[in-house]
Structures are given as C-alpha cells and as structure tokens.
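Novice: this is a predicted model, with the sequence first.
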There are 2 protein chains.
Amino acid sequence: MRIVVDAMGSDDHPAPDVAGAVDAARQFGDTIILVGDEAQIKAELAKQNSSGLSLEVVHASEAISMEDKPSKIVKSKPNSSMHVGMALVKDGQADAFVSAGNTGAILAVAMLRQVGLGRIPGIKRPAMGVIFPTKTHPLLIDNGANTDCRPDYLLQFGMMGSLYVERVLKINNPRVALISNGEEEGKGNSLIKETIPLLEASGLNYIGNIEPKEFMQGAAEVGVVDGFTGNLMMKTAESIAKYMFNTIREELYADFISKLGGALAKPALKRAGAHLNPDEVGGAPLLGVNGVVIIAHGRSNAYAIKQAIGQARRVVGNQVVEAITTGIASVQ
Amino acid sequence: MRIVVDAMGSDDHPAPDVAGAVDAARQFGDTIILVGDEAQIKAELAKQNSSGLSLEVVHASEAISMEDKPSKIVKSKPNSSMHVGMALVKDGQADAFVSAGNTGAILAVAMLRQVGLGRIPGIKRPAMGVIFPTKTHPLLIDNGANTDCRPDYLLQFGMMGSLYVERVLKINNPRVALISNGEEEGKGNSLIKETIPLLEASGLNYIGNIEPKEFMQGAAEVGVVDGFTGNLMMKTAESIAKYMFNTIREELYADFISKLGGALAKPALKRAGAHLNPDEVGGAPLLGVNGVVIIAHGRSNAYAIKQAIGQARRVVGNQVVEAITTGIASVQ
C-alpha cells in the first residue's frame, strides 16, 4: 500500500507529521509518501531512524495554513502540499491521502476538478465520519463537512456511515439513528422530521431518533447528524472532557491527602483518560469522495498521525470507496 | 414572594418536588404554593418537618407526564398542575412558576391564551436559557425551546440573555457570542451567517463567533445558539461528564493501589464533580414569556428543586421580565 501524508498539515508541522509517518512505515510496512517542503521534511527525517523503511518525499512549494480561506486556496496556493498530495491519489500513484491540516481546505481541494478526487457518482455531499471516543466507538456523521444540510444528504450520510462500519469495524447490518433532542415522535427540528421517512424507507437498519446519552451508551453504531450540530457535539465532548480532567487535577492538588490519593490513582486516571482520547481512534474518514481521504486533528502528535495512517490502511484494505460506489449505484 | 412549584413535575414526583419546596420555604422564607394532587402532596408533606413554614397546597386533578405530547395536552389535560399553577402566576396570585416537568408541555402551557403567561410584546419566540456548569457559569440560550430558528429569533435570544446576565449575575455589559463551528469569518451555517450582521448592529456587546472550547473557558457570558443545537450541546456535555465519572470509577476499582488512591482522593473527585453538577445552577429560565417560569431537570432531586426555586427568586427580585419588556420596546 502507498499512503500520502501531508507533511505540512498539523499545527506543529512538519515534526509530528514526519515522525508519525516514520512510525507508520515501521509498524505497517507500507510505503509512506511525505508531501511538502522537501528541505524541512528531510531535516525532520534526519532526526529519525528511518533506515530500511519505505519513505518517499515529494516536494510541494506551498503550504496551506489554518488561516487560509478554503474558498481562496484554489487560486492562491495551487502548489500546496494538499494539491500535490491529493493529485498523487487521483493519478493512481498512491492509495490514500492523510492530512492534519485545515479541514475546509482539504474538502475544497478534494472537490477540485484538476487535482481533486471528486465525488462518487450519485453522492450529493461528501461527509466526515468521526469515531466517537466512547466505549462502543460509534460513528458520528457528519462532523462538519456540511454546515447546511438537506434530508437527502442525511439519508446518504446514513448509508455511507453504515457501509463504513460494516466494512471497517466488521459489524453486520449496523444500527443507524438520527441524533436528536428527544426520542419521542414529534421531537427534532424540521430537518430531522423530514429525514425520518427517508431513513425508514431506506433499507438501512434505522432504529429511530436517539439522544446523545443513548448514542454514547452504544444504542447505535452510526449516528446521523447535520455537520454544524455534529461538529459542535464533538467539540463540546472534547472540551468538557478536557475541562473535567483539569478540574480533577486542580482538586487533587488542593490538599496533601488528595495529592497522595491522586498519586496512587494516577495510572487508573490515565487509563480513564485514554478511553476518551481522540488520538486513539485515528483520524476521520471523508466519505463520499472518490478515493480515500483521512482528516486528522490539527493538534495531532506523531502517535495521532500514525493512527490516522492506520485508519487510511483499513479504509483502503476494506474497500470502503468501492462499497459506497456500488451501494449508491444500487439505489439510483 | 410567592412561588408556585409544580408538585407533579419531576420524574420521581411528588417526593423531590415537595421536599425541595419545604427546604426552599425554610431557607428563603418565601411562600411556596404546591400545585398537584392534594392527597399525594399532603402525604409527602406529612413526611417533612414543615411546621412554621409558609406552604400552601392547591389541588390540580391532572398531571402531565413525559410521554404526553405538548400539542395534545391543551385539550386532553386542561386541569393539569401546569395549567393550574401557571394560571396562579397569570392572575397575579403568585410571582413565579417552577416545574421539573415535560419541557415541551411547559412551553405549550405558557403560550395558552386562557392560563398561559404569553409572550412579552415584541418577543417573537421565548427561549430557554441554561447556565452552563463550567467555572465562569456562562448562559447558553436557547436550550431547546425552538428547534427551528431564524436570525431575528437569535438576535432576541442574545438580547434577552444579555439582560438576564446583567440583572441576575450582575455582570455589566456582558459579552455575547454566537456558538459556531469556528471563529474565522465564513465559518458557521447559513443561520449563523445571517445572524452576524443583526448582532453587529444590535448595540449588544457582541464579540463574534466562538467555539464550545472558548465558551467553556469564559470567552463570553452569553452564548447564542439555535435550540436544537443548544440542546444537543448541553446533553452531550452532561452525557460525557457522566461517562467520564463512570469510567474513572471503573478504573479506580481495577486494582488495589488504585482503589486505595481513589479512597484517599474521593473528596477531591467529589469536589470536581460538584463543579459540573447541573443541579447547582438550579433550573433554566424561560425568557421572553410575560412572567417568571423556571424549568428544572426531570431528574431533579430535592436539592435541585430548591436551587430552581432560588433561581426563580433571583429572576423575580431582579425584575428580569420588566427589563426584557423595556428592552424590546426600545428597539421596536
């Protein structure tokens, strides 16, 4: 397998991106193609022990930052690492593209006619699936690719999410639910209400509306939501988890006995934290584009980048793009 | 002050509702009017030491459950504790109505011509403000009263939230922000984008779009959001907090050393939990109705009910309804 990593993606690029790529090449034995500023990448590689690993460097003269507007980069930075890296996948020289960069820019580049992968025929809007870091690891889709949604988009999100879970997580006929403000009939906004009949008639294993609590408890494997709400749910979860750990840390330092208890309980608290660590689940698949694209967190460290590359391998190896292509063709 | 408590509201009614009312009567010295099934209320009161407290009981022959559809209760249960209790406020016999019952039903009854308080003139949609249980205690508005919103609703939510914070929390010229999926220009769904110019021109201390992380860190005192997204944010926060505490508890019981550490650190963990306890902040004000209505969590215990009554006292005492009435009139 040949996987492209955007070396200019993460907030601290290229160090975590390069280190994660080296770790992935070692662990998985695949070829990793690092795309970005050649001099910077080589300087980072020199710090790593990469002998015997299959690593390639492809130069890209521009890098997209978090401040770049997705609508402008098409013209302003045509030689970015995203453009160059995505084109390698489009041209069949690589199997997947992994980036921890500006999500809006990744989406925009993925849709470009010249270098982008484009949509799978029949797919109206690609969507970001994200593995929610609670015990049952449900998939939340969309996590922010589409801030304004229509019922027919949500129907396709459910279909794509279902196929991803079936292929990658090996769960047969996964349960699909709409995430809403209540389970009762009549709950939800107009988007939810209009989507319900489409999902009911879809042939998917649609189980109804569920609230975030039920979603986190594992009531469904796929939670369908518009990208604006999904993104805020995910960000709220991350922020509250971080806030709680900080609060617990502060309270554990408030007196001697607590400090002692905290020291003894540290491994347990660390294990509890690992459950909720988004780095573990490794990158969000952008489903519906005609190729494999994995979006990692901007704050990714080397471990998170390596996990995202692992995610890319699973999506390629389990032929998720092919499954969505066949799936959507069968309902057109 | 005379405050009506819906004795049939909470999931475990009437025990927590009555016990909370007794505690509030004792702590605040106000008159609490318990509305609901007289026999049940009196049986509960008999279990409490309420001698010398100003408690009244008003009978209502029906009770609204969580399963009742808000659209149906107007006709199906015209003698519910919500109808009877709200009418006492409407008729000037009480100053505020507190209920831990079905939120949709409270909203519906509040809007009824006969017994409801109706809207403050000029207010398009009442909205639920909820104090987010993080350190700076920001107000999130709307928390679910309006699942489909328009920009002019959100503008009014910002205005009402700002007046509430100014009056009740005594923060001068509070910062108002839109909660969005990013802070950069161009982020947000179409509702957010259309609301921005209205807030910019509003005269409020509008500071722009913020993400959940910044909101929880105290970047604004008022976070404006549509009721669908706001409700899911709040429910996600509650669910993740609960999930984390359960995960920590499990891990602390995994081995002897952790168990010992957990025992020593227990008070610190308890204090950390109290920070995030929604019971502490005590009920969500329904802003924009022509009277004081406080909505408590269905899972409220006696303490949460007492805190909700405390919230009602502050909203009445600081004349929030009068401030909104004057405020909205000045911009019509």
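Specialist: Structure received. Numbering: from 1, shown residues only, chains lettered A, B, ... in the order given.

Novice: quick check: the gap between A:Glu166 and chain B.
Specialist: Counting by C-beta to the nearest C-beta, to the nearest Å, the separation of A:Glu166 from chain B is 26 Å. (Each C-beta comes from the backbone N, C-alpha and C, glycine too.)

Novice: report how many residues lie close to A:Leu107.
Specialist: The tally of other residues near A:Leu107 (other C-beta atoms under 10 Å in any protein chain shown) stands at 22.

Novice: the helices in chain A, which residues?
Specialist: Taking DSSP state H to define them, one finds helices in chain A at A:15-28, A:38-46, A:70-76, A:81-90, A:103-110, A:151-168, A:190-200, A:212-216, A:227-252, A:256-275, A:278-281, A:302-317, A:320-330.

Novice: can you list those in TSV and add mean pLDDT?
Specialist: Formatted as TSV, those follow (pLDDT from 0 to 100):
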stretch	mean pLDDT
helix A:15-28	97
helix A:38-46	97
helix A:70-76	80
helix A:81-90	96
helix A:103-110	93
helix A:151-168	98
helix A:190-200	97
helix A:212-216	96
helix A:227-252	92
helix A:256-275	86
helix A:278-281	72
helix A:302-317	96
helix A:320-330	95
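
Novice: CSV please, covering those and showing distance to B:Ala274.
Specialist: Formatted as CSV, these follow (distance: least, C-beta to C-beta, whole Å):
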stretch, distance to B:Ala274
helix A:15-28, 37
helix A:38-46, 46
helix A:70-76, 42
helix A:81-90, 46
helix A:103-110, 36
helix A:151-168, 37
helix A:190-200, 34
helix A:212-216, 21
helix A:227-252, 9
helix A:256-275, 14
helix A:278-281, 27
helix A:302-317, 33
helix A:320-330, 45
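
Novice: closest to A:Ala127 out of those?
Specialist: Evaluated over the helices of chain A, closeness to A:Ala127 peaks at helix A:151-168, with 4.8 Å, by C-beta to C-beta.

Novice: buried stuff in the closest one?
Specialist: Neighbour counts using 16 or more other C-beta atoms under 10 Å in any protein chain shown place A:151, A:153-168 of helix A:151-168 among the buried residues.

Novice: one more: stretch A:199-210?
Specialist: A:Leu199, A:Ser202, A:Leu204, A:Asn205, A:Tyr206, A:Ile207, A:Gly208, A:Asn209, A:Ile210.

Novice: from chain B, how far off is the residue nearest in space to the middle of chain A?
Specialist: For chain A, the residue nearest the mean C-alpha position is A:Ala284 (0.9 Å; C-alpha atoms, centre = their mean). Going from A:Ala284 to chain B by C-beta to the nearest C-beta gives 14 Å.

Novice: just list whatever residues bridge to the spatially closest residue to that residue that is not a sequence neighbour.
Specialist: Take A:Ala284 and drop its neighbours on the chain: the residue closest to it by C-beta to C-beta, 6 or more residues apart in numbering or on different chains is A:Val130, 4.3 Å away. On the basis of DSSP bridges, A:Val130 is bridged to A:Leu140.

Novice: number of residues surrounding A:Val130?
Specialist: Counted with other C-beta under 10 Å, the burial measure for A:Val130 works out to 25 neighbours.

Novice: I figured it hits A:Gly282, correct?
Specialist: No - if you go by C-beta atoms under 8 Å, A:Val130 and A:Gly282 don't touch, sitting 10.6 Å apart.

Novice: ok, back up a step: which of the buried residues of stretch A:199-210 lies closest to chain B?
Specialist: Minimum distance to chain B across the buried residues of stretch A:199-210 is 10.7 Å, recorded for A:Ile210 (C-beta to the nearest C-beta).

Novice: who's in contact with the closest residue to chain B within the stretch 1-150 of chain A?
Specialist: Nearest residue of the stretch 1-150 of chain A to chain B: A:Thr147, at 3.9 Å (C-beta to the nearest C-beta). Under the criterion of C-beta atoms under 8 Å, 6 or more residues apart in numbering or on different chains, the contact partners of A:Thr147 comprise A:Asp226, A:Gly227, A:Phe228, A:Asn231, B:Asn181, B:Gly188, B:Asn189, B:Ser190, B:Ile192.

Novice: can you give me the domain assignment for chain A?
Specialist: Using automatic domain parsing, the domains assigned to chain A come out as A:1-123+A:288-332, A:132-279.

Novice: dump those domains to a markdown table, plus distance to B:Thr325.
Specialist: Formatted as a markdown table, the entries for those read as follows, by distance: least, C-beta to C-beta, whole Å:
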| stretch | distance to B:Thr325 |
| --- | --- |
| domain A:1-123+A:288-332 | 42 |
| domain A:132-279 | 29 |
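
Novice: which among those domains is found nearest to B:Ile248?
Specialist: Closest of the domains of chain A to B:Ile248 is domain A:132-279, at 4.4 Å (criterion: C-beta to C-beta).
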